[in-house]
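Show me the folded form of this:
(2 chains)
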Amino acid sequence: MYKSIFYKEWIKLRRVFFVFLVLGAILAISAWLYLSHVVKFSGAVQVWDMYLYRGQMFYSKFIQYFPVVVGLLLGVSQFVPEITAKRIKLVFRLPIGENIVILTMLGIGVLYVAVILGVMLAFVLLTASIVFPYEVVNSLFVSILPWMMGGLVAYFFTSLVILEPIWRYRICYIPIGFGLVKFFLYSGWYNAYEKCLGLLIVSGLVLGVVVLYSATRFRKGVM
Amino acid sequence: MSENVIECKNLTHYYGDRLIYKDLNFNVKQGRIMGMLGKNGAGKSTTINILNGFLTPYSGDCTVFGESAHSLSHSTKRRIAYLIEGHIQYSFMNIQQIEKFYSGFFPKWNRDVYYGLMSKLKVKANQKMSKMSCGQQSQVALGLILAQDPDLMILDDFSLGLDPGYRVLFMEYLKDFAKSENRTVFTTSHIIQDMEELIDDCLILDYGGAILADMPTGDFMDSFHRYEFKVVNLNLELQCNGLVKNFEMAQKTARLYSYENADAVQRFLKSEGVTFNEFKEVRMTLEQAFIGITGKY
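I've put the predicted structure just below:
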């Protein structure tokens, strides 16, 4: 049964998955090329000056908002076909628990978002490790991770809004989701979220359960 | 005596302040095809949604195979096939993908039945459902529910969007399915002409409730009559009551619908002082009987 659900989600998401996978890799490589360009023509001092004295994130203009775009569009690609013509009724009629099936679909969505962002993160860290020492690469990882979590939160809120059967609830969720996602993207400074990284990861994942609220209301025909 | 596969007791539902029906009671017996007839907005889709657990009724209970329609067990869900209005399926899949998807959920899955039906369609195996005609999509939806090998089919307006050829084909398969191994079908359709060919029992809904609950269609057609007669008074009006179920005038001809026999109706007309002649009973189709009992508007 789970294999079947995975199969359906794969058919739905494979195109958008591959597009973002390639796009993420391109962005990471572009950042690396830009970094190389700066090192070559302005010298490494320029880069170290940005890191040590100005604390500015070198990668922010390349990848800060990419995870949110991934989360948003993956959520749209996954759940809009389900609510079109109330097609999600087909899923709720399957011999599997309604919450289980929604959680499985969300789990698959999270997996895709994680793979896309994970590949991009790996490219970023691998290329950065050519230029920077371990300490800077680690600091880069800690700084970029909240953006990735922002992508997951964007995915959960997009799913929540799409599955919600009542428009006025949807409209209420949008600013809440926007505010929460913004919180994950607030700083482009190194190690800005270091002290609360664990809390951010846990709270980001817990938000996934909230989607069940909309899904259950959809199933019960709340109008 | 057959057991009831579906039992609905005292079902009441509102949308906001608007009453859909009050205290609706009906049963669907095993091995029977029941058709639910009603005008637009009378509550057909509401009932289907309640039966499938997609809507919580204001009050009352609905059970399917003895389990509450809101909380069907997985094993019971495997026994029920559901056709959504408009033959909605996963239009982003092709016929092979959709078969592969559903086969993972149903242990009795019969892919030969599905592919037997698909071989009659002039579609490529990799053609997406969204690129098929409405009739072809209906055959895919039918193939999927037949392959599931269910004990009960719930069909929400199966004839919607189908041309006559596909409608007839759909009904032929449906009849064969229902008559083999004592299976049960609960269906709605806006084309009552189709239902006449198909259903054993009927449930007729009007605004506010049922006017006819789970009666064999043959019994209904035998007991409900349409009488026509000529009248002098062209402005004649008769109120609906125990005897008169509906009355309408067409030029000089009056039409009266009733469960009573011709003698009783003629006695009634005389007692009301109605002058009439050329009194006769006219045989009706199910569609005419439906309009007769619910009215045109």
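
Surely B:Phe268 is in contact with B:Leu243?
Yes: between B:Phe268 and B:Leu243 there is a contact under Cβ atoms under 8 Å: 5.4 Å. All C-beta atoms are positioned from the backbone trio N, CA, C, and that covers glycine.

Need the residues touching each of these two.
Contact criterion Cβ atoms under 8 Å, 6 or more residues apart in numbering or on different chains; residues shared by B:Phe268 and B:Leu243: B:Glu260.

Comparing the two, which residue is more hemmed in?
Neighbour count, other Cβ atoms under 10 Å in any protein chain shown: between B:Phe268 and B:Leu243, B:Phe268 has more, with 18 against 15.

Quick one: residues contacting the more buried one.
Shown in contact with B:Phe268 (Cβ under 8 Å, 6+ apart): B:243-244, B:260.

Tell me how many other residues crowd the residue of the stretch 51-200 of chain B found nearest chain A.
Going by Cβ to the nearest Cβ, chain A is nearest to B:Gly104 of the stretch 51-200 of chain B, at 3.2 Å. B:Gly104 sits with 16 neighbouring residues when counted by other Cβ under 10 Å.

Chain neighbours aside, what residue packs nearest to it?
Spatial nearest neighbour of B:Gly104, chain neighbours left out: A:Ser4 (3.2 Å); criterion: Cβ to Cβ, 6 or more residues apart in numbering or on different chains.

And the one you found, how far from A:Glu98?
As judged by Cβ to Cβ, to the nearest Å, A:Ser4 and A:Glu98 stand 16 Å apart.

Who has more neighbours out of the two?
Taking other Cβ under 10 Å, A:Ser4 and A:Glu98 do not tie; A:Glu98 has more neighbours (19 against 16).

Model confidence for residue 222, exactly?
Going with chain A. As predicted, A:Val222 sits at a pLDDT of 65.

actually chain B
Predicted confidence (pLDDT) for B:Asp222: 89.

How much space separates the closest residue to A:Gly204 other than its chain neighbours from chain B?
Using Cβ to Cβ, 6+ apart and skipping residues adjacent in sequence, the residue nearest A:Gly204 is A:Met149, 4.2 Å away. Going from A:Met149 to chain B by Cβ to the nearest Cβ, to the nearest Å gives 30 Å.

Mind pulling the model confidence for A:Met149?
So A:Met149 comes in at 87 (pLDDT).

what about it, helix or strand, and which?
Here A:Met149 sits within helix A:134-163, counting by DSSP states H and E.

cool, B:Cys240 as well?
Assigned by DSSP H and E, B:Cys240 belongs to neither a helix nor a strand.

burial of it, as a residue count?
12.

For the spatially closest residue to it that is not a sequence neighbour, give me its contacts.
Nearest residue to B:Cys240, sequence neighbours excluded (Cβ to Cβ, 6+ apart): B:Asn246, at 6.3 Å. Contact analysis of B:Asn246 by Cβ under 8 Å, 6+ apart lists B:240, B:255-257, B:292-293, B:295.

Buried only: go through those residues for me.
Neighbour counting by 16 or more other Cβ atoms under 10 Å in any protein chain shown classes B:255-257, B:292-293 among the contacts of B:Asn246 as buried.

Reformat the residues you listed into TSV and put secondary structure next to each item.
Formatted as TSV, these follow (DSSP: H, G, I helix; E, B strand; the rest coil):
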residue	secondary structure
B:Arg255	strand
B:Leu256	strand
B:Tyr257	strand
B:Gly292	helix
B:Ile293	helix
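
how about stretch A:206-220 as CSV, C-alpha atoms only?
Extracted as CSV, the C-alpha positions of stretch A:206-220 are listed here (Å, rounded to 0.1, in the frame of the first residue of the first chain):
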residue,chain,number,x,y,z
VAL,A,206,6.1,19.5,14.3
LEU,A,207,4.3,21.9,12.1
GLY,A,208,3.8,19.0,9.6
VAL,A,209,1.2,17.5,12.0
VAL,A,210,-0.9,20.7,11.7
VAL,A,211,-1.6,19.8,8.1
LEU,A,212,-3.8,16.9,9.4
TYR,A,213,-6.2,19.5,10.9
SER,A,214,-7.1,20.8,7.4
ALA,A,215,-7.1,17.3,5.9
THR,A,216,-9.5,16.0,8.5
ARG,A,217,-11.8,19.0,8.0
PHE,A,218,-11.7,18.4,4.2
ARG,A,219,-12.7,14.8,4.7
LYS,A,220,-15.5,15.6,7.1
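
Which of the residues in it are classified as buried?
Residues A:207-208, A:211-212, A:214-215, A:217-220 are the ones in stretch A:206-220 that count as buried (16+ other Cβ under 10 Å).

Check stretch A:134-148 too.
Residues A:136-137, A:139-140, A:143-148 are the ones in stretch A:134-148 that count as buried (16+ other Cβ under 10 Å).

Might you quantify the distance of the helix ranked longest in chain B from its chain's geometric centre?
Secondary structure of chain B per DSSP state H: the longest helix is helix B:164-179. Put simply, helix B:164-179 sits 14 Å off its chain's centre (Cα atoms, centre = their mean, to the nearest Å).

Tell me, how many residues neighbour B:Phe101?
Counted with other Cβ under 10 Å, residues neighbouring B:Phe101 total 21.

Please apply the same query to the one 10 residues further on.
Using other Cβ under 10 Å, B:Arg111 has 14 neighbouring residues.

quick revisit: is the residue nearest to B:Cys240 in a bridge, and if so with what?
According to DSSP bridges, the partner residues bridging B:Asn246 are B:Tyr257.

what about the residue in chain A that chain B sits nearest to, which SS state?
Using Cβ to the nearest Cβ, the single residue of chain A nearest to chain B is A:Ser4, 3.2 Å away. State at A:Ser4, reduced to three classes by three-state DSSP: helix.

Who are the contact partners of it?
Residues in contact with A:Ser4 (Cβ under 8 Å, 6+ apart) are B:100-105.

Give the other helices and strands that the one helix or strand A:Leu106 maps to contacts.
Assigned by DSSP H and E, A:Leu106 belongs to helix A:98-131. When contacts are defined as 3 or more Cβ pairs under 8 Å, 6 or more residues apart in numbering or on different chains; DSSP states H and E, helix A:98-131 packs onto helix A:2-42, helix A:66-83, helix A:88-92, helix A:134-163, helix A:197-219.

Return the distance of the second one from the chain's centre.
This means helix A:66-83. 10 Å.

Which strands or helices does that helix pack on?
Against helix A:66-83 (3+ Cβ pairs under 8 Å, 6+ apart) you get helix A:2-42, helix A:98-131, helix A:134-163.

restrict the buried residues of stretch A:206-220 to those near chain B?
Taking Cβ under 8 Å from any Cβ of the partner chain, the overlap between the buried residues of stretch A:206-220 and the neighbourhood of chain B is A:219-220.

And for B:Met171, nearest residue in space, chain neighbours not counted?
Nearest non-adjacent residue to B:Met171, counting by Cβ to Cβ, 6+ apart: B:Leu198, 5.4 Å away.

and that neighbour, how far is that from A:Asn138?
Distance from B:Leu198 to A:Asn138, counting by Cβ to Cβ: 71 Å.

go on, B:Cys134?
For B:Cys134, the distance to A:Asn138 equals 59 Å [Cβ to Cβ].

Ok, B:Asp112 next?
Using Cβ to Cβ, B:Asp112 is found at 59 Å from A:Asn138.

Need the residues that contact stretch B:123-141.
So stretch B:123-141 is in contact with B:83, B:87-96, B:98, B:117-118, B:120-121, B:158, B:161-163, B:165-166, B:169-170, going by Cβ under 8 Å, 6+ apart.
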